[in-house]
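>>> Dropping a prediction and its sequence here:
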Amino acid sequence: MLKSMRKNLKSLSIFLWIVIFSFVFFIFVDWGAGRLGPNVNMDTIAWVKKHRILTADFKRTLLEREDYIKRVQGEKARAYLNSPQFPQMVLQQMIQETVLIMKAEELGIKATDEEVREKILGYPVFKNRDGSFVGYERYKQTLAYFHMTIPQFENSLRKGIIIEKLKKFLTAGITATPEEAFQEYKNDKESAKIAYYLIKFNEVPIKTDINESELKKYFNEHKSDFKIPEKRTFKYVLFSTDEYKKKVNLSESDLRKYYDENIDRFKIPEKRFIKRIFIKKSDSAESKIDEALKELKSGKDFSEVAKKYSEDKKAKNGGDWGAFEWRYFVTPEEKSEIEKLSENSVSPVIKSDKGFSIIFLYKLEPAKVSTFDEVKDRIKSYLSYQKTQELVLKDAQNFYKKLGKKDIEKFAKKKGYKVREAKDFTKTDSIPDVDPSGAVAKSVFQLKKVGDTTEPVFTFKGAVVAQLKKITKERQAKYDEVDDKVKEAYINFLKKEAAKKIAEQILSKIKSGQEIDTTLPYIKYKDSVTLRHNAYVNGVGYLKSVERYVFKAPVNSISTPFYTESGYLIVKVLEKDLKTKADFEKEKDAVMKKLIETKKNSFLLSYLQKLMEEYKVKINNYVLETFTKKGQ
């Protein structure tokens, strides 16, 4: 079916911007603390059961996503794409797709060629005006614009269909009762107005003459709050990327080879810069666009005419939509004309279901490929980093394997490596200038006994192999060891007690009709705050206890003080907008549909998380790190 469709060479369709990358959920994989297995391979970035997600496939997918986002967002995409979270997110999506496809295969769920064909024709870009297929050449050209082949695109669609079928299969029995929907409706629609007094802990005045006998008394009454945590001493070897970088030699032919093999990375797509005059659909729209056209024909500047007549958000800027943003907003009819225009040409009046428009293509930058000389330094930086990482990984793994149960200091000395010591580290401590993230300490605290050694741990300075030398168990602290913490805790205790007393005094004054001095620095007063069932109190935070009180208490009720992280809160209920069954009945169908979809998504999120645990998803953090540190 697909084969015959591809041969159906009809007249070419207009080009529409299509989204070819999508996914169902986003669940965080536990990336761990950068631990590396002793036999980890650079050619694999993740494992799902016995299935490998190859580094090469991940790299290709990452480049596809980057390319697509650049084309859609232009320069706005730079910060997002350079974020270390972007490669992680792409890998997350690949893992989720793999997990779901594997589950679908177990259940015998497939996608037919006919279903893929229907999916393709669901994109307007692949249809003529009469609904027929645009033909193989146009189909191929459109996908080539996104640096995709037909098999890649159709395989992506096939996977999407399979995943959608799996979702439907898994959630077929999920429904919602009218009672659940009514409660959901109330949670979404109901609101209340409140006034509140917040007595802030940090601003409450307390006595300053605190003596040591008070502190010791407090310490003795709260001894369980003061512990000396477990501490561990370990010795480690750092395989520094700075040192290994010196060993990397890249020739001109190495750089040229990478350039030739990754030429798609250096393609700069065509850019069409447009200005638009747009008149919204109305009884007078046609006459307005005709007036604008007359002024353009008389020689008036397009920008000035756009400022005068246009009715879109770019009117004040002379209708200038630049090279990228217009792709989000213009109609299919406008896109068709934009593709036909040559530089410095103006379209005829374009009619669409939204109104009338005239397009001016004021600049056209043809697609091109950056020359080797233009990107040579970028390539060198990237390859140098990548090869450095490979050398570090190789030596760190080799050292770990051969070390075995031997003493790290003696073994490292024989091999010519420097050994460093980290004394009395807690689980949250970090090694300055080596491991500010604390990944090494976390790995050391996973070791069971003295003499055990961590697998290579990746840090921003390279890879670390650490051996546990001493464990000091958690114990009760002595006063002299934590006197500063005792004083801090005691002051916080006094502030809370003082705030509570002030709150009770304010409550008494409110009930007796006395005036409250809201100019005092420790009192924050708000006279009208909207509260919804999400329990967020503006200026205070999320307080479910306050939400429960407000929606149950009568209007004009005044609460007793609520304890919050920032202070004691007194609330007065000013008004409430509550919903009835009669209100609900008017929107029942839509609410039921939305609730069922929410329940389905909640189930699928939970199900996917369990699948990822069941399928034993593992991440090669070392390889992933080579992508999160961008030198490209």
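Perfect, I can see it now.
>>> sec struct for F278, please.
strand (DSSP: H, G, I helix; E, B strand; the rest coil).
>>> pretty sure it is touching S357, no?
Yes. Judged on Cβ atoms under 8 Å, F278 makes contact with S357 at a distance of 4.5 Å. In this view, the C-beta of every residue, glycine as well, is placed from N, C-alpha and C.
>>> Please identify which of those two sits among more neighbours.
F278 (29 against 26; other Cβ atoms under 10 Å).
>>> residues contacting that one?
310-312, 315, 319, 355-357 (Cβ atoms under 8 Å, 6 or more residues apart in numbering).
>>> Enumerate the positions of stretch 366-383 that are buried.
372, 375-376, 378-380, 382-383 (16 or more other Cβ atoms under 10 Å).
>>> Which of those residues sits closest to K340?
Nearest to K340, judged by Cβ to Cβ, of those is V375 at 32.5 Å.
>>> about what we covered before: which among the buried residues of stretch 366-383 gets closest to L143?
Ranked by distance to L143 (Cβ to Cβ), the buried residues of stretch 366-383 are led by V375 at 24.7 Å.
>>> Spatially nearest residue to the closest one, not counting backbone neighbours?
In space, and not counting its chain neighbours, V375 is closest to F266: 5.4 Å by Cβ to Cβ, 6 or more residues apart in numbering.
>>> K618 too?
Using Cβ to Cβ, 6+ apart and skipping residues adjacent in sequence, the residue nearest K618 is W47, 4.5 Å away.
>>> any idea which helix or strand comes after the helix or strand bottoming out on mean pLDDT in the chain?
The least trusted helix or strand in the chain, going by mean pLDDT, DSSP states H and E, turns out to be helix 2-6, with a mean of 43. Per DSSP states H and E, the first helix or strand lying C-terminal to helix 2-6 is strand 44-48.
>>> Whichever helix or strand comes after that next one: partners in the sheet, and parallel or antiparallel?
Tracing the chain C-terminally past strand 44-48 and defining elements by DSSP H and E, one meets strand 51-54 next. Sheet pairing here is set by DSSP bridges, and for strand 51-54 it gives strand 44-48 (antiparallel).
>>> So what touches the strand it pairs with?
52-55, 58, 91, 94-95, 98-99, 102, 615-620, 623-624.
>>> just checking, which of those residues belong to strands?
Counting by DSSP state E, those place 52-54, 618-619 in strands.
>>> List buried residues within these.
Buried among the ones in strands among the contacts of strand 44-48 by 16+ other Cβ under 10 Å: 52-53, 618-619.
>>> out of these, which one sits closest to S545?
Closest to S545, out of all of those and judged by Cβ to Cβ, is I619, at 39.7 Å.
>>> is that closest one in a bridge, and if so with what?
A46.
>>> Thought M94 was touching it, still the case?
No. In terms of Cβ under 8 Å, I619 does not count as a neighbour of M94; the distance is 11.1 Å.
>>> which residues in the stretch 101-250 of the chain form strands?
Assigned by DSSP state E, counting those that start in this stretch, the stretch 101-250 of the chain shows strands spanning 191-200, 227-228, 231-240.
>>> Just send these back as JSON lines, with mean neighbour count and mean pLDDT too.
Listed next are these as JSON lines, based on neighbours: other Cβ atoms under 10 Å; pLDDT from 0 to 100:
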{"stretch": "strand 191-200", "mean neighbour count": "21", "mean pLDDT": "97"}
{"stretch": "strand 227-228", "mean neighbour count": "14", "mean pLDDT": "96"}
{"stretch": "strand 231-240", "mean neighbour count": "22", "mean pLDDT": "97"}
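>>> T598: which of these is closest?
Ranked by Cβ to Cβ, the member of the strands of the stretch 101-250 of the chain that lies closest to T598 is strand 191-200, at 20.2 Å.
>>> Other residues contacting the closest one?
So strand 191-200 is in contact with 499, 502-503, 506, 510, 516, 518, 522-532, 537, 539-540, 550-551, 561, 564, 566-577, going by Cβ under 8 Å, 6+ apart.
>>> just stretch 303-320 next, same as before
By Cβ under 8 Å, 6+ apart, stretch 303-320 touches 273-280, 288-289, 291-292, 295-296, 302, 321, 329, 355, 360.
>>> Tell me the span between the first and last residue of that stretch.
Using Cα to Cα, to the nearest Å, the end-to-end distance of stretch 303-320 comes out at 8 Å.
>>> Which positions within that stretch qualify as buried?
Buried, per 16+ other Cβ under 10 Å, within stretch 303-320: 303, 305-307, 309-310, 312, 314-315, 318-320.
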